[in-house]
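Asker: Below: sequence and its predicted model.
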Amino acid sequence: MRIARELSAEYGLRVCPMTVSHWINGNRKPAIMNIFRDEASPQLSYIIGAALGDGCSLEKSGCVKLEVTDKDFAQVFNSSMARLFNREVSNKIFVRRFEGDRLPLFVVKHNSKQLTNLLRLPMKKLLDLAFAFPREFLRGFFDAEGHVDVSATDYFSVIAGVENLNKLLLLRIKKILLAAFGINSSVSLKRRSGTVKTIRAKSFRMRKSSFTLRICRLRDLQEFRQRIGFSISRKNEKLSDALLTSERYGRNERSTQWRQEYIKIRGEWIRRRLSSLIPIKGIKEG
């Protein structure tokens, strides 16, 4: 009975004392439960960072669900969950496919009321916990919300950044980037409410204003790539290639060299060796 009370008080689990008795006597084995030590860890920091992105949702049943188009992001999130819960085998990743040229969604689900309640903590408490491992938190957040913008017109430029509705969150991230890694960044208004936004050829109207954190200087971008980076290979590759172009070539050569390696499809730069795998409808040079 004391064990059952402890499970209820500590983890919110309702277990019959007779069930605990069967566990102790070896008549039954407890089901695998998603319970973790309620303390800071690299895995928890990554999960908090990723959960603050748009692709993660918390359900009333106690399920943490991530739906993303990047398989490698889903795999890293899933393996972080497995390590958090001290599981040897990760959960299965489900795939939702759609008609037409819409990209499939990779879906990760983990049932844990303990984790769901933790992720619903006030922002200040959540960030204080996550910042114990700033690199893992930032990587999770940049995996979820990050982007690499390259301009290859008359002037070549590269920016790494994140977009989010919570300006105060971005200001906290700006401070931790500078304090922990010496990386300078800026926070500004990105889109006002009512603005039309297009993601992967799908347009919708913003209900709230969004803000952006941007890393622009070459030294800061190099530091970000080396010390934080992305778990998503396509983002890491684009950032590395853009920085390499900036380092190797003069200002008048960079845009030309970039266009030899990349082509813009539906508003996104794609390596030319991969562009043959993408339908040509909607290709835009520029």
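Answerer: Perfect, thanks for sending it.

Asker: where does the stretch 101-250 of the chain dip in pLDDT?
Answerer: Residues of the stretch 101-250 of the chain that meet the criterion pLDDT under 70 lie in 197-204, 206.

Asker: then the host helix or strand of Ser80 to PDB, C-alphas only?
Answerer: Using DSSP states H and E, Ser80 maps to helix 71-84. The C-alpha trace of helix 71-84 is given here as PDB (Å, rounded to 0.1, in the frame of the first residue of the first chain):
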ATOM      1  CA  LYS A  71      12.800  11.800 -40.900                       C
ATOM      2  CA  ASP A  72      16.200  12.500 -39.200                       C
ATOM      3  CA  PHE A  73      14.500  15.000 -36.800                       C
ATOM      4  CA  ALA A  74      11.900  12.400 -35.900                       C
ATOM      5  CA  GLN A  75      14.600   9.800 -35.300                       C
ATOM      6  CA  VAL A  76      16.600  12.000 -33.000                       C
ATOM      7  CA  PHE A  77      13.500  13.100 -31.100                       C
ATOM      8  CA  ASN A  78      12.400   9.400 -30.700                       C
ATOM      9  CA  SER A  79      15.900   8.200 -29.600                       C
ATOM     10  CA  SER A  80      16.100  11.100 -27.000                       C
ATOM     11  CA  MET A  81      12.700   9.900 -25.600                       C
ATOM     12  CA  ALA A  82      14.000   6.300 -25.400                       C
ATOM     13  CA  ARG A  83      17.100   7.500 -23.400                       C
ATOM     14  CA  LEU A  84      15.000   9.800 -21.200                       C
END
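
Asker: residues making contact with it?
Answerer: 34, 36, 41, 43-44, 46-47, 50, 64, 66, 68, 87-91, 93, 106-108, 110, 115, 140, 143-144, 231-233 (CB atoms under 8 Å, 6 or more residues apart in numbering). C-betas here are computed from N, CA, C, even on glycine.

Asker: could you flag which of those are buried?
Answerer: Those of these that meet the buried threshold are 34, 36, 41, 43-44, 46-47, 50, 64, 66, 68, 90-91, 106-108, 110, 115, 140, 143-144, 231-232, by 16 or more other CB atoms under 10 Å.

Asker: State the mean pLDDT of the helix or strand that the helix holding Ser80 is followed by.
Answerer: Downstream of helix 71-84, the next assigned helix or strand under DSSP H and E is strand 94-96. Strand 94-96 shows a mean pLDDT of 92.

Asker: In the sheet, which strands lie alongside strand 94-96, parallel or antiparallel?
Answerer: Paired neighbours of strand 94-96 in the sheet (DSSP bridges): strand 105-111 (antiparallel).

Asker: Which SSE is immediately downstream of the partner strand?
Answerer: With DSSP H and E, the next secondary element past strand 105-111 is helix 113-119.

Asker: Just the CA coordinates for that next one, please, in CSV.
Answerer: Taking Å, rounded to 0.1, in the frame of the first residue of the first chain, the C-alpha atoms of helix 113-119 are listed here in CSV:
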residue,chain,number,x,y,z
LYS,A,113,1.6,12.2,-18.1
GLN,A,114,4.7,13.0,-16.2
LEU,A,115,6.4,14.5,-19.3
THR,A,116,3.2,16.2,-20.5
ASN,A,117,2.8,17.9,-17.1
LEU,A,118,6.4,19.0,-17.2
LEU,A,119,6.2,20.5,-20.6
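
Asker: just checking, what packs against that helix?
Answerer: Under the contact criterion of 3 or more CB pairs under 8 Å, 6 or more residues apart in numbering; DSSP states H and E, helix 113-119 touches helix 42-51, strand 63-68, helix 123-130.
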